[in-house]
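A.B. asks: What follows is a predicted structure for the sequence shown.
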Amino acid sequence: MEVRFQNSPKETREMDTKELRENFLIEKLTEADSLKLVYSHYDRVIIGGVSPVNKKLSLGKEEELKADYFLERRELGIVNLGGAGIIEADGQSYDLNKLDCLYIGKGVKEVTFASKESSSPAIFYMLSAPAHTTYPTTKYTKEQASGGEMGAIETANKRTIYRYIHQKGIQSCQLVMGLTILETGSVWNTMPSHTHTRRMEAYFYFDVPNNQKVIHLMGEPSETRHLVVSNNEAIISAPWSIHSGCGTSNYGFVWGMAGENYTYEDMDMVDINTLK
């Protein structure tokens, strides 16, 4: 498991492109038949990806956690962004189609991932945060998620939001998780921007067509920087940083948060006229 430490706003202002990508972009997160985890020191969130093709993969014991098993003191949110898949949690099997979400609570000892068809493998994206108590393992389909359509064609941000793990959905200790899908012709996400110094956020961009990119905006509102992001890559967003993006095509992204506040709507909005 890779470990990434925190960066201050002042330190980030002075980074070149290579340093920004090394600290805030996660590449090769969903390679075939491998499981990748990145431990971020922002709210101690672990960001992971796994795409089982020809074998079943397990969430293993990680030395960095100094725990007997991965979820001994943690909770886990997973969204499937590929073909039909199967997740087993302590022997209980859950079928996940594309855009289904599974929450697994603290105390589950064994978690495995598999695809139903190797020709159309599942792509599981996951977030894990420290947990103080146990909430039941719960599955939501996208039809069960709350949210709905937002934005407009005129501002190139017409989109559908699906909220899975949050105060009014699947219960958790601190994880908040859902996804947004932009309609054809819409390319902007999270504009106007916001920050929330009470909690970090992570993005995972998916369904970005071949030869298309997302320009992800980050940094302090008065000192913005950018990352060029490809399909199935993730962003670590510091609590003090904006997190917006503009694509060369429409796309989807999974958003997830952990930290001080559990309320989805907790955002400090940034006046678009003050961005620099």
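C.D. replies: Perfect, I can see it now.
A.B. asks: shaky segments in the stretch 1-150 of the chain?
C.D. replies: Applying pLDDT under 70 to the stretch 1-150 of the chain flags no residue at all.
A.B. asks: what helices or strands is the lengthiest helix in the chain leaning on?
C.D. replies: Criterion DSSP state H: the longest helix present in the chain is helix 17-24. Helix 17-24 sits against strand 223-229, strand 233-237, with contacts defined as 3 or more Cβ pairs under 8 Å, 6 or more residues apart in numbering; DSSP states H and E. C-beta here means a position set from N, CA and C on the backbone, and glycine is covered the same way.
A.B. asks: what pairs with the helix or strand that that helix is followed by, and is each one parallel or antiparallel?
C.D. replies: Where DSSP states H and E defines the elements, the next helix or strand beyond helix 17-24 is strand 25-26. Using DSSP bridges, strand 25-26 pairs in its sheet with strand 233-237 (antiparallel).
A.B. asks: Just the C-alphas of the partner strand, formatted as CSV.
C.D. replies: Output in CSV follows, covering the C-alpha atoms of strand 233-237 (Å, rounded to 0.1, in the frame of the first residue of the first chain):
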residue,chain,number,x,y,z
GLU,A,233,-7.8,7.8,-12.5
ALA,A,234,-8.4,9.3,-9.0
ILE,A,235,-7.7,12.7,-7.4
ILE,A,236,-6.9,13.3,-3.7
SER,A,237,-8.3,16.7,-2.8
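A.B. asks: Contacts for that strand next, please.
C.D. replies: Contacting residues not belonging to strand 233-237 are listed as 4, 23-27, 29, 38, 40, 42, 47, 49, 125, 200-205, 216, 218, 227, 229, 243 [Cβ atoms under 8 Å, 6 or more residues apart in numbering].
A.B. asks: Could you tell me which strands the helix or strand following that strand is paired with, and in which direction each runs?
C.D. replies: The helix or strand immediately downstream of strand 233-237 is strand 244-247, counting by DSSP H and E. Strand pairing for strand 244-247, using DSSP bridges, gives strand 188-189 (antiparallel), strand 214-220 (antiparallel).
A.B. asks: Fine by me, thanks again.
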